Structures are given as structure tokens and as C-alpha cells.
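1. This is the structure alone, sequence omitted:
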């Protein structure tokens, strides 16, 4: 019979270990190649990892410090103003604007502060204006 029928062919490089108790031969374990589970880093590799870890910690610290909440905002002090006949929002804004403020910005602030649908006013209407 041929070797194929009787069993697998044994190469010349194969080595066998004999079990003294039974007298049977078993194939000996071959030395295996280094496995990927044992990672070895050089000094430069360790330095790069330490630098990357330090950068990651710095970024997390920077982002966390930016995420802190602001304190409470002080309420704006306002006074009531009764609109006189012929008086416009622009005139009222000019009277309460600081010298360095643009009157257009004050008009927008007054519209927003009073929740006005538009910049038009009616005589007798009560609005709030920032206290000077």
C-alpha cells in the first residue's frame, strides 16, 4: 500500500518524542515564531507614547476648563417711560444712549427689551428703558 492510504507522510524534519510509559511516539512540539501578543517597545516608542498621553491630558484639561459655567448675569436696571405724542423710539434711544454707543444699537436693544413687534410707538404707551 501507498503512504497515502496508511497515513500522512512524515517529513524528514519532523521530530518525535517517545513516551516512556507507553512506548508510543508522538510528534514533538515545534518552537513557534514570536507571537504578536508580546509587544516590545523601544525607548523612542515609549517616549512617543508618553508624549501622546501628555498631549491628550492637556487637551482634555483645556476643553474641561472652557466648559465651566459662567456666573449669574446681573439684572439690567430699567425705568418706565410713558411715550409722549410725537415722540419716536429713535428720540428715546438718543436720550438714553451713552456717548460711545451707537443709537441704532440702542434702538435694537429697546425693541428687544420691550418685545415690540416693530419700532413704532403710540402716545401713552409705557415702555421700559435702561436707567442712565
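-> Nice, thanks for sending it over. Keep in mind that what you see is a predicted model, and the values were worked out from it rather than measured.

2. how about the helices in the protein?
-> Per DSSP state H, the chain carries helices over the ranges 3-6, 43-66, 89-96, 103-113.

3. can you tell which of these is closest to residue 123?
-> Within these, the stretch nearest residue 123 is helix 89-96; the backing value is 12.8 Å (C-beta to C-beta). For the C-beta atoms, the positions are set from N, CA and C on the backbone; glycine is no exception.

4. For the closest one, buried residues please.
-> Using 16 or more other C-beta atoms under 10 Å as the test for burial, helix 89-96 gives 89, 92-93, 96.

5. possible to save the helices of the chain as TSV with mean pLDDT and distance to residue 119?
-> Converted to TSV, these look like this (pLDDT from 0 to 100; distance: least, C-beta to C-beta, whole Å):
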stretch	mean pLDDT	distance to residue 119
helix 3-6	52	101
helix 43-66	91	38
helix 89-96	91	5
helix 103-113	91	6
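
6. Now do residue 88, the pLDDT please.
-> In this model, residue 88 is scored at 90, pLDDT.

7. What is the burial count for the residue lying closest to it once chain neighbours are set aside?
-> Using C-beta to C-beta, 6 or more residues apart in numbering and skipping residues adjacent in sequence, the residue nearest residue 88 is residue 121, 6.8 Å away. Neighbours of residue 121 under the rule other C-beta atoms under 10 Å: 19.

8. Verify the stated contact: residue 121 with residue 86.
-> No. Residue 121 is beyond contact range of residue 86, at 10.2 Å (criterion: C-beta atoms under 8 Å).

9. hmm, back to that, ok, which of the helices of the chain comes nearest residue 130?
-> helix 89-96 (5.8 Å).

10. Tell me the gap between the closest one and the middle of its chain.
-> Put simply, helix 89-96 sits 44 Å off its chain's centre (C-alpha atoms, centre = their mean, to the nearest Å).

11. so it versus helix 103-113, what angle?
-> 110 degrees (axes from the mean of the first three to the mean of the last three C-alpha atoms, to 10 degrees).

12. list the helices and strands helix 89-96 packs on?
-> Under the contact definition 3 or more C-beta pairs under 8 Å, 6 or more residues apart in numbering; DSSP states H and E, helix 89-96 sits against helix 103-113, strand 126-130.
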